[in-house]
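Colleague: quick one: sequence and predicted model below, then my questions.
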Amino acid sequence: MIHRSKTLFRTLLPALLLTLGAAIAACGGSEPAPATSPSGDSGAPAEQAAALEGDPEHGEEIFTPCAGCHGPDARGVQNLGKDLHSNEFIAAMSDDEAVAFLKTGRPATHELNTTGVDMPPKGGNPAFSDQDLYDIIAYVRTLE
């Protein structure tokens, strides 16, 4: 019986070590933890924001899906989309928060939706990348 246990152990040990090594590698193993700011926040959002700065010129070029409700001049279309010029809602958000909002949109049933019309995620263009959304936000901020 002891001989069988040793054989089983020798057979399973390499597979167990290989599985354990793969799990450690998948979890980041020995990589250092992200740096934190003095307030204890991780530096990731600041790094992401720095990596994804908006290009207002490109944002204006790709604003077309948004223009369906917000108008080609972003002045809004009555009962469809708000005027984006000097828009307090957008001004109160960071770029990261504004991009998160664009990614999810706002259903017509949401309590803060005053038009009664769905704002689809990514303005209805699922092909928009995060960079595209930062570009659109940068363009809208030029309207303030």
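Modeller: Cool, the structure landed. As the structure is a computational prediction, the values presented were derived from the model and not from experiment.
Colleague: for residue 119, list each beta-bridge partner.
Modeller: When bridges are called by DSSP bridges, residue 119 pairs up with residue 106.
Colleague: ok, it - contacts?
Modeller: Applying C-beta atoms under 8 Å, 6 or more residues apart in numbering to residue 119 gives the contacts 69, 81, 105-107, 113. Placement of C-beta: from N, CA and C, glycine included.
Colleague: same question, residue 89
Modeller: residue 82.
Colleague: could I get the buried residue list for the strand or helix carrying it?
Modeller: Under the criterion of DSSP states H and E, residue 89 resides in helix 88-91. The neighbour-count check on helix 88-91 (16 or more other C-beta atoms under 10 Å) flags residue 90 as buried.
Colleague: what's in contact with the following helix or strand past that helix?
Modeller: The first helix or strand that comes after helix 88-91 along the chain, using DSSP H and E, is helix 95-104. Helix 95-104 is contacted by residues 45, 48-49, 52, 54, 90, 93, 121-123, 128, 130, 133-134, 136-138 when judged by C-beta under 8 Å, 6+ apart.
Colleague: just the buried members of the residues you listed?
Modeller: The neighbour-count criterion (16+ other C-beta under 10 Å) marks 52, 54, 90, 122-123, 128, 133-134, 136-138 among the contacts of helix 95-104 as buried.
Colleague: I'd like the residues you listed as CSV, with secondary structure, distance to residue 77 and pLDDT appended.
Modeller: As requested, the buried ones among the contacts of helix 95-104 are arranged in CSV below (DSSP: H, G, I helix; E, B strand; the rest coil; distance: C-beta to C-beta, whole Å; pLDDT from 0 to 100):
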residue, secondary structure, distance to residue 77, pLDDT
52, coil, 29, 81
54, coil, 24, 95
90, helix, 17, 93
122, helix, 19, 96
123, helix, 13, 93
128, coil, 20, 97
133, helix, 21, 97
134, helix, 24, 97
136, helix, 17, 97
137, helix, 20, 96
138, helix, 22, 96
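Colleague: ok, so of those residues, who is nearest residue 63?
Modeller: Closest approach to residue 63 among the buried ones among the contacts of helix 95-104 (C-beta to C-beta): residue 136, at 6.2 Å.
Colleague: just the element for the residue found closest to that closest one once you drop the neighbours it is linked to in the chain, please.
Modeller: If the residues on either side of it in the chain are set aside, residue 136 comes closest to residue 59, at 4.3 Å by C-beta to C-beta, 6 or more residues apart in numbering. Element membership for residue 59 (DSSP H and E) is helix 56-61.
Colleague: okay then, goodbye and thanks.
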